[in-house]
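Novice: What follows is a protein structure lacking sequence information:
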DNA sequence: CTTGACGCTACATAATCAGTAGCATATGTC
DNA sequence: GACATATGCTACTGATTATGTAGCGTCAAG
């Protein structure tokens, strides 16, 4: 089911280029959100689920499985959380927050 | 159809927080890829399509519509390309490339 | 032996995506 | 004017994914 790994072919790319694999994975619904929510620390499946607005457990589980296989998230004492690489990625994503605020302003926004 | 704008509610978030809107949009299939492919410059619908591995025109059009409404992409002389904000976003995404290469290495990879 | 939290699965329905065909407009060529 | 070509895009059908709700099996505590 989860057979996305750098080096393998992914939807829309026969190269297996890591960035393509990454985009392919992040381009799945909820993945970005899940990574984002974990920024506040480790949490259980159910905690994570409620942080993600009660996302369906089916999807949450699928995403966590993928993220674990890709070495971005793990599950140990304290619940789900980042691996080292996962933390790096999350840090990068964090930088979008400020940008998004500005972006919102350029769009005539609340 | 495309009613995603910062300040509005999106899937999984009642706050309309810009970062959530962003993640919601980027979490749609092909969106990241489309932004990525435009990095080499403006191109026509059809050119863009072939850069994206012949993505269905239905989807491409939907995504472009959304990206245009969100002020990230526009369509003028020379074809589709970034707006100012779009270029900023793309630049940020570009930084994932190197990270992804390293990430791939940590996963025992080609 | 009941209670509660945990990680997760089953299953049916709804939303989204994909793939192919082809239209309408514009531009250039003869 | 008739014809070819490129462009942006829509229509339509079938396949894939996501959603939502219920609840199971395990474990630790009371």
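Specialist: Looks like it arrived, so ask away. Please read all numbers here as calculations on a predicted model, not as lab measurements.

Novice: and the residue of chain A found nearest DNA strand D, how many neighbours does it have?
Specialist: Per CB to the nearest atom of the strand, the residue of chain A with the smallest distance to DNA strand D is residue A:56, at 3.3 Å. Any C-beta I mention is one placed from the backbone N, CA and C, and that applies to glycine too. Residue A:56: 11 surrounding residues under other CB atoms under 10 Å in any protein chain shown.

Novice: Would you mind listing the buried residues in stretch A:82-93?
Specialist: A:82, A:83, A:85, A:86, A:87, A:89, A:90, A:93 (16 or more other CB atoms under 10 Å in any protein chain shown).

Novice: where do the strands sit along chain A?
Specialist: A:73-76, A:79-82 (DSSP state E).

Novice: Up against DNA strand C, what does chain A have?
Specialist: A:11, A:44-47, A:56-58, A:61, A:64, A:75, A:79-80 (CB under 7 Å from any atom of the strand).

Novice: re the thing from before, from the buried residues of stretch A:82-93, which land in helices?
Specialist: In helices, defined here by DSSP state H, the members of those are A:85, A:86, A:87, A:89, A:90, A:93.

Novice: Quick one: low-confidence residue ranges for chain A.
Specialist: A:1-15, A:109-110 (pLDDT under 70).

Novice: Flag every residue of it that's near DNA strand D.
Specialist: A:28, A:29, A:30, A:54, A:55, A:56, A:57, A:58, A:59, A:62.

Novice: Give the burial count for the last one, as a bare number.
Specialist: Read that as residue A:62. Neighbours around residue A:62, by other CB under 10 Å: 16.

Novice: now do the fifth one
Specialist: Other residues near residue A:55 come to 21 when the count uses other CB under 10 Å.

Novice: If you count neighbours, what's buried in stretch A:65-85?
Specialist: Buried positions in stretch A:65-85, judged by neighbour count with 16+ other CB under 10 Å: A:66-74, A:79-83, A:85.

Novice: now the end-to-end length of stretch A:72-85.
Specialist: 6 Å (CA to CA, to the nearest Å).

Novice: Is it in proximity to chain B?
Specialist: Yes: Stretch A:72-85 comes into contact with chain B (CB under 8 Å from any CB of the partner chain), by way of residue A:85.

Novice: re earlier: from the residues of chain A next to DNA strand D, pick the one nearest residue B:97.
Specialist: residue A:28 (19.5 Å; CB to CB).

Novice: gap between the closest one and chain B?
Specialist: Remark: distance between residue A:28 and chain B (CB to the nearest CB, to the nearest Å) = 7 Å.

Novice: picking that back up, for the residue of chain A closest to DNA strand D, give me the backbone phi and psi.
Specialist: Residue A:56 adopts backbone torsions of phi -60, psi 130, taken as degrees, to the nearest 10.
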